[in-house]
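S.K.: quick one: sequence and predicted model below, then my questions.
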Amino acid sequence: MYFTDRSLLPENQAPLIITAAPYGPVWVPSDYPEDIPVTWDEQVQKAVDCFEAGARLLHIHVRDPKTGRISKNFDDYSAQIGRLREAVPDMVLQVGGSISFAPEGDAVAKWQSYDTRHMLTELDPKPDQVTVTVGSTQYDITSMLTIDDVEGTHLADPHVMWQYSQMVADATPEFYIENLRRLRENGIQPYFALAHVHGLEIVERLIRQGLYTGPVNGFYSMVGGGSTGSNPFDLMELIRRAPQGSCFTYQSMFRLVYPISAVCIALGQHVRAGIEENLWGPVKGQRFTTVEMIRKMVRIAQELGRPIATPEQTRQILKLGTWYNTAEETLFNLGLPPNRDEGERGFLTYEGFHTFEEEGRVHAAAAAGPADPRDIL
């Protein structure tokens, strides 16, 4: 992102999009029975409650009421999306592309196979988005937590902790190139799930090669253990490198969510809240529900004067339903330099912006004639 003198003023920032992540695939119902929805009605009601609290985007994992575990049955996903479309018609529905990485038996935590993840592109009714991991990486979600963070949950078991510590987010080009193709074919927007800034570099290469042509929205998993951690300088590098025309959310683990979200709200970025990555309020020992976390994000934004996005603004910011036809069109809309032509030297910019004056799009200050440097005094 490129920041000008007045970029930090709320009237110049996009309204805040809060993503709700209330389904908590890492957890079992006994970990937080007050806030983990299990029945179909409870899962739907949780979406309604999150929307009413201020969330506009719902990150979905589907829990099987019979087992209490996250379902891997695609009929369950389709049926639940249908229920959610009726209950929260104005909410953007985003399916988590991992489906579930909860360990089975004594095995380590593991992402579903490529073929299984591809099946999310064929859900009917369709979600608005599916998260797409780009670039395999170690994904040890235990690396930044303390035993206090998981006190009273099954994750406090050293063996379960070990199972999650061995996780790898598996996403080679064989997966993400094909997954992006299928999402486009089925009219579902990808939501890029990136572990670090090098994932963004992969996305840009895909665009420059014409393998992806569309809006770039996504989130960074700042959970450590192979992904970006909690160093604020790393956070600022992620924000600095995000293209002007993209829209990114920043996710962390447990109570680190609050300081990172506060910085992101102030800088015009977007945030995520819910028990998927946190069980606590900002004060140690203070349990929060997903709805309480969302309300906290709303209050932080209100203190800074930044409005919460309406459903219509959310869809506009995310450019839902928009696709591009060429690499050049995608680069231009993202505010990235064009591809280099053979033999072309130097840093590249776009030619022909003098035509804006012909179209009546010249800035008022420019239309007034040459600037006088004394005007700034």
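M.R.: Yep, it's here.

S.K.: gap between the nearest residue to A156 once chain neighbours are set aside and L279?
M.R.: Leaving aside its sequence neighbours, A156 sits nearest to V150 (CB to CB, 6 or more residues apart in numbering; 4.8 Å). Heads up, the C-betas are built off the backbone N, CA and C, glycines and all. Remark: distance between V150 and L279 (CB to CB, to the nearest Å) = 8 Å.

S.K.: out of the two, which sits in the more crowded spot?
M.R.: Taking other CB atoms under 10 Å, V150 and L279 do not tie; L279 has more neighbours (26 against 21).

S.K.: let me know the pLDDT of the more buried one.
M.R.: L279 carries a pLDDT value of 96.

S.K.: equivalent analysis for T349, please.
M.R.: pLDDT, read off for T349, is 87.

S.K.: low pLDDT regions in the stretch 151-300 of the chain?
M.R.: Scanning the stretch 151-300 of the chain for pLDDT under 70 picks out no residues.

S.K.: in it, which spans are helices?
M.R.: Listed in chain order, the helices of the stretch 151-300 of the chain (DSSP state H, counting those that start in this stretch) span 158-165, 173-185, 197-208, 232-241, 257-266, 290-304.

S.K.: looking at the ones you listed, which is closest to R85?
M.R.: Closest approach to R85 among those is made by helix 173-185 (18.6 Å; CB to CB).

S.K.: helices or strands next to that closest one in the packing?
M.R.: Here helix 173-185 touches helix 114-118, strand 129-133, strand 189-194, helix 197-208, going by 3 or more CB pairs under 8 Å, 6 or more residues apart in numbering; DSSP states H and E.

S.K.: using PDB, write down the CA coordinates of it.
M.R.: Backbone C-alpha positions of helix 173-185 (Å, rounded to 0.1, in the frame of the first residue of the first chain) are rendered in PDB as follows:
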ATOM      1  CA  PRO A 173       1.700 -25.200  -8.000                       C
ATOM      2  CA  GLU A 174       0.000 -28.500  -8.800                       C
ATOM      3  CA  PHE A 175      -2.700 -27.500  -6.400                       C
ATOM      4  CA  TYR A 176      -3.200 -23.800  -6.600                       C
ATOM      5  CA  ILE A 177      -3.000 -23.300 -10.400                       C
ATOM      6  CA  GLU A 178      -5.700 -25.900 -10.900                       C
ATOM      7  CA  ASN A 179      -7.800 -24.700  -8.000                       C
ATOM      8  CA  LEU A 180      -7.700 -21.100  -9.300                       C
ATOM      9  CA  ARG A 181      -8.800 -22.400 -12.700                       C
ATOM     10  CA  ARG A 182     -11.700 -24.300 -11.300                       C
ATOM     11  CA  LEU A 183     -12.800 -21.400  -9.100                       C
ATOM     12  CA  ARG A 184     -12.900 -19.100 -12.100                       C
ATOM     13  CA  GLU A 185     -14.800 -21.700 -14.100                       C
END
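
S.K.: can you list contacts of it?
M.R.: The contact list for helix 173-185 (CB atoms under 8 Å, 6 or more residues apart in numbering) reads 97, 114, 117-118, 121-122, 130, 132-135, 189-190, 202, 206, 211-212, 214, 323.

S.K.: could you redo the last one with a cut-off of 7 Å?
M.R.: With contacts defined as CB atoms under 7 Å, 6 or more residues apart in numbering, helix 173-185 is touched by 114, 117-118, 121, 130, 132, 134, 190, 211-212, 214, 323.

S.K.: ditto for stretch 56-72
M.R.: 17-21, 23, 25, 28-29, 37-40, 43, 47, 50, 76-77, 80, 88, 91-96, 99-100, 102, 127, 276, 309, 311, 314.

S.K.: can I get the buried ones among these as something I can paste into ChimeraX?
M.R.: Selecting only the buried entries of the contacts of stretch 56-72 in ChimeraX, with 16 or more other CB atoms under 10 Å as the criterion:
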select :17,18,19,20,21,23,25,28,29,37,38,40,43,47,50,76,77,80,88,91,92,93,94,95,96,99,100,102,127,276,309,314
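
S.K.: so which of the contacts of stretch 56-72 sit within helices?
M.R.: Secondary structure from DSSP state H places 40, 43, 47, 50, 76-77, 80, 311, 314 of the contacts of stretch 56-72 in helices.

S.K.: wait, doesn't A87 sit right on Q43?
M.R.: No - contact criterion CB atoms under 7 Å: A87 and Q43 do not qualify, at 9.8 Å.

S.K.: now the ones in helices among the contacts of stretch 56-72 in a markdown table, please, with extra columns for pLDDT.
M.R.: Shown next, in a markdown table, are these (pLDDT from 0 to 100):
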| residue | pLDDT |
| --- | --- |
| W40 | 97 |
| Q43 | 98 |
| A47 | 98 |
| C50 | 98 |
| D76 | 96 |
| Y77 | 96 |
| Q80 | 97 |
| P311 | 98 |
| T314 | 98 |
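
S.K.: distance to Y176 for those residues - can I get that in a markdown table?
M.R.: Output for the ones in helices among the contacts of stretch 56-72, formatted as a markdown table (distance: CB to CB, whole Å):
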| residue | distance to Y176 |
| --- | --- |
| W40 | 32 |
| Q43 | 28 |
| A47 | 28 |
| C50 | 28 |
| D76 | 25 |
| Y77 | 20 |
| Q80 | 25 |
| P311 | 29 |
| T314 | 25 |
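
S.K.: which one among those gets closest to M1?
M.R.: T314 (18.9 Å).

S.K.: number of residues surrounding the nearest residue to the closest one once chain neighbours are set aside?
M.R.: Distance criterion CB to CB, 6+ apart; nearest residue to T314, sequence neighbours excluded, is R56 at 4.2 Å. Neighbours of R56 under the rule other CB under 10 Å: 27.
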